[in-house]
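Visitor: quick one, what's the 3D model for this:
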Amino acid sequence: QVQLVESGGGLVQAGGSLRLSCAASGRTFSSYFMGWFRQAPGKEREFVAAISRSGGRTWYADSVKGRCTISRDNAKNTVYLQMNDLKPEDTAVYYCAAADRQLMLVVTPSRYDYWGQGTQVTVSS
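Guide: Take a look at the predicted model:
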């Protein structure tokens, strides 16, 4: 079992940056495959980024590739999502997710076992 708590969301102007954090507690953090998803009002939850347990491999949605960087610090039990050049279409609630195994289908929400409560990101034009 792992508990996930996101932070770092807020209101930012287009072109600005935010760094989201997700702090984990419970079982050994390094044993979890981690991902970030987002959900805008009226839309389905969509994949943003994922990172392997060691941090050696990362995956990104095409919509954020080149603008976002996922990273993790296993010593601090935390995964990060650095978001740059934010656009109004990035507005959503951002969720951290964990899976207790290496995933192949990293973009599929149902593959993840644990979820945080989400943090709101609002980008104004």
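
Visitor: give me the most central residue, this protein.
Guide: Centroid-nearest residue in the chain: W36, 2.2 Å away (criterion: C-alpha atoms, centre = their mean).

Visitor: look up how far S125 lies from that residue.
Guide: For W36, the distance to S125 equals 23 Å [C-beta to C-beta, to the nearest Å]. The way it works is simple: take the backbone N, C-alpha and C, and place the C-beta from them, glycine included.

Visitor: ditto for G8
Guide: According to C-beta to C-beta, G8 and S125 sit 21 Å apart.

Visitor: so those two - more neighbours on which side?
Guide: Legend: neighbour count by other C-beta atoms under 10 Å for G8 and S125, higher for G8 (16 against 9).

Visitor: give me the nearest residue to the more buried one, chain neighbours excluded.
Guide: Spatial nearest neighbour of G8, excluding adjacent residues (C-beta to C-beta, 6 or more residues apart in numbering): L20 at 4.2 Å.

Visitor: do the same with K76
Guide: Spatially, and ignoring its direct neighbours in sequence, K76 is nearest to A23 (8.0 Å; C-beta to C-beta, 6+ apart).

Visitor: so where's this protein uncertain?
Guide: For the chain, no stretch is flagged by pLDDT under 70.

Visitor: can you map out the strands along it?
Guide: Listed in chain order, the strands of the chain (DSSP state E) span 2-7, 10-13, 18-26, 33-39, 46-51, 58-60, 68-73, 78-83, 92-99, 114-115, 119-124.
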